[in-house]
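> compute the structure for the input listed below.
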Amino acid sequence: MLTTLFGTIFSIYLIVDAGLTPFRLLLLGTVLELSVVVFEVPTGVVADVVSRRLSVIVGLFVIGAGLFVTGAFESFGLLIVGSVLWGIGWTFVSGAEEAWITDEVGEEAASTLYLRGAQSWQVGALAGIPLAVGLGAIDLGLPIMAAGIGWAILGLSMAFLMPETNFHRTVDGQGRRFLGTFHAGVREVRRSQVLLLVLVIAVLHGMATEGFDRLAEFHLLRDTSFPEVGQLGLVVWFGVIEGVGLILSIVAAEILRRRADLATHAGVTRVLAGIDIALVVSVVVFAVAGAFWFAVAAFWAVAFLREVREPVFTAWVNRGLDPGTRATVNSMVGQTDAIGQIAGGPTIGVVAVWWSVPAAIAVAGVLRAPALALYVRARRKGEPAPVDDVAVEVPPHIEVPGMPNPG
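Next up is the predicted model:
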């Protein structure tokens, strides 16, 4: 629900109220991703060494601050500040959240739980659309500020409600432990050819998504004609579009959970390859669509494919990871995704300025295509090495049984 509060209105706010050009939209996204690149791995190490729970709680508060600043001020400089805070907060949550879930329930149960979690998020997001539309009809900045306050309240709630039963904080040698955990995570990635392929796929995913995420609503607003139906304004139209997309995502995730083979390495790579093929086609179709409903149908396809892909990819990344470096490795994946977005953003921006926004979106879609060959290669490599087979050396430490976790 919190994501929908700003997600449904965010792009309209940046385009209509803040008056950002396509290039500035992509520049804002690049700043966000630079924050992720700088802070992703350090915050992942914090989650592995200090506490997954504390990392998530801190991240929720910082995200809330970033969104509130974004919704309260329309100047480009303060939008940059909001994006930096948003990016830093996200790095505290990213990696730590996945590691916490996997620690608490185990790898096998986590695969299904990621899909269930995605469905719960979609249901909550659907419930948040009317509130976002209602606030946006008053002022486009209101739902973004409300989302910021909501994230802070969620952080406060997690301080009381979030358990952490399968993680033990170390009490000495913290400096060595931080560096040791970071190097252990790097060694784990270097030892696994599958994880190396995962990182390259994450880069391609980041490059492909940045152009679409920043320019999709601009394309709908500037290159298509919204139908005139009664008193439906832009805010309501985008609420309807978002709502239908979420319903499709919920249905698709349930079908995938019941019928797809997510229990094996080969099954997961096959599902991910199929999703990425469909994403390439859907993004290109969206880019070339001139008719409103044709473009919206392609937009829905991209939305639900992305929503389904995320939990499946997360489950694949976490297969066979060492619990001691799980958050760090997840953060490395998030960092490479951000690097891809940084590399893709300016490139797509140049295409948008020199050629057109539809051409830029089409290029963004095609950038994902090389990942298909990488899925085939990853499938041939087989399962990642079990944790026991990966020699991950971490400096010795002392654990105090029964010591309460921080936060």
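> where along the stretch 201-350 of the chain do the helices fall?
234-259, 265-288, 292-317, 326-354 (DSSP state H, counting those that start in this stretch).
> format these as CSV; extra columns: distance to residue 40.
No exception for glycine: its C-beta is placed from N, CA and C like everyone else's. Shown next, in CSV, are those (distance: least, C-beta to C-beta, whole Å):
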stretch, distance to residue 40
helix 234-259, 26
helix 265-288, 22
helix 292-317, 14
helix 326-354, 4
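> of those, which is nearest residue 145?
helix 234-259 (15.4 Å; C-beta to C-beta).
> just list what the closest one packs against, helices and strands only.
helix 2-12, helix 107-138, helix 292-317 (3 or more C-beta pairs under 8 Å, 6 or more residues apart in numbering; DSSP states H and E).
> pLDDT averaged over stretch 298-311, what's the number?
Averaging pLDDT along stretch 298-311 yields 86.
> what's the closest non-adjacent residue to residue 80?
Distance criterion C-beta to C-beta, 6 or more residues apart in numbering; nearest residue to residue 80, sequence neighbours excluded, is residue 31 at 5.5 Å.
> which SSE is immediately downstream of the helix or strand containing that neighbour?
Element membership of residue 31 [criterion: DSSP states H and E] is helix 22-49. Next along the chain after helix 22-49, taking DSSP H and E as the criterion, comes helix 52-72.
> what's the angle between that following helix and helix 326-354?
Interaxial angle of helix 52-72 relative to helix 326-354 (axes from the mean of the first three to the mean of the last three C-alpha atoms, to 10 degrees): 20 degrees.
> state the mean pLDDT of helix 52-72.
Helix 52-72 comes out at a mean pLDDT of 90.
> list the buried residues for it?
Across helix 52-72, burial judged by 16 or more other C-beta atoms under 10 Å covers 52-71.
> if we can go back for a sec, out of the helices of the stretch 201-350 of the chain, which comes closest to residue 371?
The nearest among these, by C-beta to C-beta, is helix 265-288 at 5.4 Å.
> name the helices or strands packed onto that closest one?
Here helix 265-288 touches helix 193-223, helix 292-317, helix 357-366, helix 371-381, going by 3+ C-beta pairs under 8 Å, 6+ apart.
> mind running it again at 7 Å?
Packing partners of helix 265-288 (3 or more C-beta pairs under 7 Å, 6 or more residues apart in numbering; DSSP states H and E): helix 292-317, helix 357-366, helix 371-381.
> these two touch, right, residue 81 and residue 68?
No. Residue 81 is beyond contact range of residue 68, at 11.0 Å (criterion: C-beta atoms under 7 Å).
> ok so, going back, so which elements touch the helix holding residue 31?
Judged by 3+ C-beta pairs under 7 Å, 6+ apart, helix 22-49 is in contact with helix 52-72, helix 76-93, helix 174-191, helix 193-223, helix 326-354.
> for the ones you listed, give me CSV that also has distance to residue 101.
As requested, those are exported to CSV (distance: least, C-beta to C-beta, whole Å):
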stretch, distance to residue 101
helix 52-72, 9
helix 76-93, 12
helix 174-191, 18
helix 193-223, 18
helix 326-354, 10
